[in-house]
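>>> Could you work out the structure for the sequence below:
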Amino acid sequence: MEGRPAAEVAAAFGYATDTVHDMVREFRAGRRDFFVPVRRGPKVAPGKEVARARIVELRQAGHSIDEIAAALAAEGRALNRTGISEVVAEEGYPRLWRRPEALRGGPRRESLPRAGVLDWEAFPERVETKAAGLLLAVPDLVALDLPKLVAAAGYPGTSVIPALSSILSLLSLKLVGMRRVSHVEDLATDWGAGAFAGLSSLPKTASLTSYSYRLSHRQQQGFLSALDAAMVSAGLVEGADFDLDFHAIMHWGEDAALEKNYVPKRSQRTRSVLSFFAQDAPTHNLVYANADLSKATQGREVLAFCDHWRSLTGANPELVVFDQKLTTQVVLGELDARGVGFTTLRMRSPSLLRHIEALDAKAWRTVALERDGAYRKPRVVDEVVTLSDYPGEIRQLVVVGLGRETPTILITNDAASSPKQLIERYARRTTIEQRLAEAIRSFHLDALSSAVPLNVDLDVVLSVLAGATCSALRRRLPGYATATPDTLQRRFLHTGGVIVKHEDGLVVRLARRTYSPVLRAADLPEVAVPWWGGRRLRFEIE
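Take a look at the predicted model:
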């Protein structure tokens, strides 16, 4: 409008010259108006002004913005936090920092009842529960004689909560798939969950999270010994052939005084608690766990497991199968001296790869495996070699054609089995990785934030107990012999229902669901529950 050159205008106002040309072109074409009248907004907010006196009154009484918002909403003149904070600032009040819950003046969280031994006189005659399905696990816990297992471990109790009830409370969270112990308040007041643990309500977060700090690793070992004996008696474990593996449980907090271990999920070494697991190979049930490990002791944990099993049964395991990183060649020699059979991998060093390249073509033999897929006929060289730290000679299988670019090298002290049997047996070792994946998915094994291995030690032992309980339960359900724990949780253990009190115990009426026909055909025995004082439990399926 002033007739000044575009370049001069652009320089004066910080625009590019082309942008000024574009603005002029848009203006001349009528597509842009640079003289838009300003629309003034309201000078006052009626709702805020109406509530101003009440906001000032509540603020003078020491209430926070959240508390004032709740009070105004209750009085029918709700105002958002922004409007309240503007009034508070305009009136010259300083910011009020958040105070402890007990000192706040607003609505408080519901006070949960104190946990205690179940009072049968106070138990309702009829009560709805969302944890009715949890009681499906009681017959199997009675069959395993859980009170005897807890007593054998020497777990401590208090004057209010017995040791058995503490273990049952923690186990209940595993069985329903609750991610963290700190979420127990979602289930604490449920009558079904309380009855499962023999309590009026479940203990709260502080009690359950601190319980493990009263225990020792010796007590976990005592519990596992008693549990394994019960599993053998119940037919849940055969007890001769085992798969072994490590699992690093990552620490999610800061400043953890923990060693660094390789965490596959993160593909890196990081602060974590290293745990050890053993699985009964024929039944795929976990039988042993230990989170009290360090780098100095982890290589000998396989011997500790053998000692555990010998103390339980009087004999060493017949066979253990594991990855090459589980132990050392020196320990392999000790296993051989004990008469324990083993099969493991050998790491592919440059010298070993050169040895494989130099093998005579006539030394290779084709083996037909009983497996699905394209890699059913690998080629194998079966030879006897010596290792740097292993006493004597050892059998070695070099296998190619399994779908990997590099050869697989198995070493074993089993001189009798055929190459086919050894390859297929080692392939089944991956089932322990599946069991650990199930424990992570169903029992939230990795959802730990504790930097104290003692806390994790109890958790991994409870995961073994939860796995045994689910294994026993699925044997009672027709068609579910191979179901995973998360399937049992989703279809059965999460079932709601009604509990009816009778003179001799409780009747649980499970709500009708898609899978109710399975429960109707299931073997759900009536049992006397020791932690109910011998009162009986029976089920009715709608």
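>>> how about the most centrally placed residue in the chain, secondary structure?
In the chain, the C-alpha nearest the mean C-alpha coordinate belongs to residue 444, at 1.0 Å (C-alpha atoms, centre = their mean). Look at residue 444: counting by DSSP: H, G, I helix; E, B strand; the rest coil, its state is coil.
>>> Might you report the residue contacts of it?
Contact analysis of residue 444 by C-beta atoms under 8 Å, 6 or more residues apart in numbering lists 174, 177-180. From N, CA and C alone the C-beta is placed, and that goes for glycine too.
>>> Strands along the stretch 51-200 of the chain, start to end?
126-129 (DSSP state E, counting those that start in this stretch).
>>> Could you point out which residue ranges in it have low pLDDT?
97-111 (pLDDT under 70).
>>> State the distance from residue 7 to residue 16.
Using C-beta to C-beta, to the nearest Å, one gets 10 Å for the distance from residue 7 to residue 16.
>>> And for residue 221?
77 Å.
>>> what helices or strands is the helix or strand residue 243 falls within leaning on?
Counting by DSSP states H and E, the element that carries residue 243 is strand 241-250. Here strand 241-250 is seen to pack against strand 260-263, strand 268-280, helix 301-313, strand 319-321, helix 430-442 when contacts are counted using 3 or more C-beta pairs under 8 Å, 6 or more residues apart in numbering; DSSP states H and E.
>>> Pick the most deeply packed of those.
Highest mean neighbour count of the helices and strands packed on strand 241-250: strand 319-321, a mean of 23 (counted as mean count of other C-beta atoms under 10 Å).
>>> partner strands of that strand, parallel or antiparallel?
Strand 319-321 has its sheet partners listed here by DSSP bridges as strand 241-250 (parallel), strand 341-345 (parallel).
>>> can I have the helix or strand following that strand written out in PDB, keeping just the CAs?
Next helix or strand after strand 319-321 toward the C-terminus (DSSP H and E): helix 329-338. Presented in PDB, the C-alpha positions along helix 329-338 are these (Å, rounded to 0.1, in the frame of the first residue of the first chain):
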ATOM      1  CA  GLN A 329      34.000 -77.700  32.100                       C
ATOM      2  CA  VAL A 330      35.400 -78.300  35.600                       C
ATOM      3  CA  VAL A 331      31.800 -78.700  36.900                       C
ATOM      4  CA  LEU A 332      31.000 -81.100  34.000                       C
ATOM      5  CA  GLY A 333      33.800 -83.300  35.300                       C
ATOM      6  CA  GLU A 334      32.300 -83.200  38.800                       C
ATOM      7  CA  LEU A 335      28.900 -84.200  37.400                       C
ATOM      8  CA  ASP A 336      30.500 -87.100  35.600                       C
ATOM      9  CA  ALA A 337      32.300 -88.200  38.800                       C
ATOM     10  CA  ARG A 338      28.900 -88.200  40.600                       C
END
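>>> can you give me the angle helix 329-338 makes with helix 301-313?
Between the axes of helix 329-338 and helix 301-313, defined by axes from the mean of the first three to the mean of the last three C-alpha atoms, to 10 degrees, the angle is 20 degrees.
>>> Give me the buried stretch members for helix 329-338, please.
Of the residues in helix 329-338, 329, 331-336 count as buried by neighbour count, 16 or more other C-beta atoms under 10 Å.
>>> can you count the residues close to residue 297?
Residues near residue 297, counting by other C-beta atoms under 10 Å, number 13.
>>> swap that for residue 463, sorry
26.
>>> I'd like the numbering to begin with 13 instead of 1 from here.
Taking 13 as the first residue, the last one we looked at is residue 475.
>>> Pull the distance from the one helix or strand it maps to to the chain's centre.
Following DSSP H and E, one finds residue 475 within helix 465-488. Distance, stretch centre to chain centre, for helix 465-488: 11 Å (C-alpha atoms, centre = their mean, to the nearest Å).
>>> before we move on, what about stretch 279-294?
Remark: stretch 279-294 is offset 13 Å from the chain centroid, using C-alpha atoms, centre = their mean.
>>> again with stretch 310-322
The chain centre lies 25 Å from the centre of stretch 310-322; the measure is C-alpha atoms, centre = their mean.
>>> One more: stretch 507-514?
Centroid displacement of stretch 507-514 relative to its chain, using C-alpha atoms, centre = their mean, is 28 Å.
>>> And that stretch, what's buried?
Going by neighbour count (16+ other C-beta under 10 Å), the buried part of stretch 507-514 is 507, 509-511, 513.
>>> my hunch is that residue 520 is in a strand, does that hold up?
Yes. Remark: residue 520 belongs to a strand, assigned using three-state DSSP.
>>> Was I right to think it contacts residue 549?
Yes. Under the criterion of C-beta atoms under 8 Å, residue 520 makes contact with residue 549 at 6.9 Å.
>>> and the angle from the strand holding residue 255 to helix 465-488?
Inter-element angle recorded for strand 253-262 and helix 465-488: 130 degrees (by the same axes, to 10 degrees).
>>> Which phi and psi values does residue 276 adopt?
Here is the backbone geometry of residue 276 (degrees, to the nearest 10): phi -60, psi -40.
>>> Need the contact partners of stretch 503-515.
By C-beta under 8 Å, 6+ apart, the list of residues contacting stretch 503-515 from outside reads 132, 135-146, 148-149, 187-189, 203-204, 207, 485, 489, 518-523, 525-527, 530-531.
>>> thinking again about what came up before, highest neighbour count among the contacts of residue 456?
Among the contacts of residue 456, the one with the most neighbours (other C-beta under 10 Å) is residue 186, at 24 neighbours.
>>> coming back round to it: same list, the buried residues of helix 341-350, but as TSV with distance to residue 59 please.
Below are the buried residues of helix 341-350 laid out as TSV (distance: C-beta to C-beta, whole Å):
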residue	distance to residue 59
341	79
343	76
344	79
345	83
346	80
347	79
348	84
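>>> for the stretch 263-412 of the chain, which spans come out with low pLDDT?
Within the stretch 263-412 of the chain, the stretches with pLDDT under 70 are 265-269, 278.
>>> Go again with 90.
Along the stretch 263-412 of the chain, segments meeting pLDDT under 90 span 263-286, 303-309, 336-337, 360-361, 382-389.
>>> just checking, residue 199 touches residue 124?
No. Look at residue 199 against residue 124 with C-beta under 8 Å: they stay out of range, at 11.0 Å.
>>> what about the two, which has more around it?
Set residue 199 next to residue 124 and count neighbours by other C-beta under 10 Å: residue 199 wins out with 21 against 13.
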